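In: Would you be able to build a 3D model of this:
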Amino acid sequence: MAQKFPFRKVLFFGFVVFSGIASWQGVAMAQAIAVTPGETVTLTFKLVNVGDTALQKVYVQLSREATPDWIQPESSTHQTVDVPAKDAVNGRPSAMLPLTFRVDGQAPHNTEVSVPLWIRDGQGDVWMKIVQLRVIPQPKPEASRLFQNYPNPFNPETW
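Out: Numbering: from 1, shown residues only. Sure thing, here's the model as predicted:
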């Protein structure tokens, strides 16, 4: 029986906070992210605080009301980060904040969806960003072959 290994995709985005006003930098967000059914995806956001107020207990989550059922967060707990305020010592402090979700194996192929993400902090500030996901079929191998192992004879391993 063939063993299936889960595929993980890790993407990085930039998120800059300007004292309560947010903007996005980094990976082009207008382009859809290609995902395959059964895939686990991690979106990692780099939060950069260029404001005078520290950000505490910042976390990111999927909007459950607007996210299709075939997209499931990997865990129910939120990883939180703190980002100190900008000052002469810290300059532009930053923190990395991941969001991991799984695309169900029954996700419809050749479908593009808009997935709202909420980034929230402990003071109640909320920023929203929409990420486009495009479900593509998982490519199938053209052929399977078993070649002669080498080195032969071998000790203790072979390829």
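
In: For burial, what's the neighbour tally of P93?
Out: Using other C-beta atoms under 10 Å, P93 has 18 neighbouring residues. Just so you know, the C-beta spots here come from the backbone N, C-alpha and C atoms, and that holds for glycine as well.

In: wait, it sits on D82?
Out: No. Shown here, P93 and D82 do not form a contact pair, counting by C-beta atoms under 8 Å, at 9.3 Å.

In: Show the pLDDT at the residue nearest the centre of the chain.
Out: Centroid-nearest residue in the chain: L43, 1.4 Å away (criterion: C-alpha atoms, centre = their mean). The per-residue pLDDT reported for L43 equals 82.

In: can you tell me which helix or strand G122 belongs to?
Out: G122 belongs to no helix or strand when elements are defined using DSSP states H and E.

In: Strands along the chain, start to end?
Out: Counting by DSSP state E, one finds strands in the chain at the ranges 8-18, 21-26, 33-35, 40-49, 55-62, 71-73, 81-83, 94-103, 111-120, 126-135.

In: Out of those strands, which gets nearest to F147?
Out: Checking the strands of the chain against F147 by C-beta to C-beta gives strand 8-18 as the closest, at 27.9 Å.

In: Verify the stated contact: the residue nearest to the centre of the chain with L99.
Out: Yes. Taking C-beta under 8 Å as the definition, L43 is a contact partner of L99 at 4.8 Å.

In: Tell me the residues that contact both of the two, please.
Out: By the contact definition C-beta atoms under 8 Å, 6 or more residues apart in numbering, L43 and L99 are jointly contacted by 60, 117.

In: Quickly list what the nearest residue to V35 once chain neighbours are set aside is bridged to.
Out: Nearest-residue entry for V35: V103, 4.9 Å, with adjacent residues in sequence omitted and distances by C-beta to C-beta, 6 or more residues apart in numbering. With DSSP bridges applied, the residues forming beta bridges to V103 are I71.

In: Go ahead and confirm V103 touches D69.
Out: No. The pair V103 and D69 does not pass the contact test of C-beta under 8 Å, sitting 11.2 Å apart.

In: since we're on L97, how many residues are nearby?
Out: When neighbours are counted by other C-beta under 10 Å, L97 registers 21.
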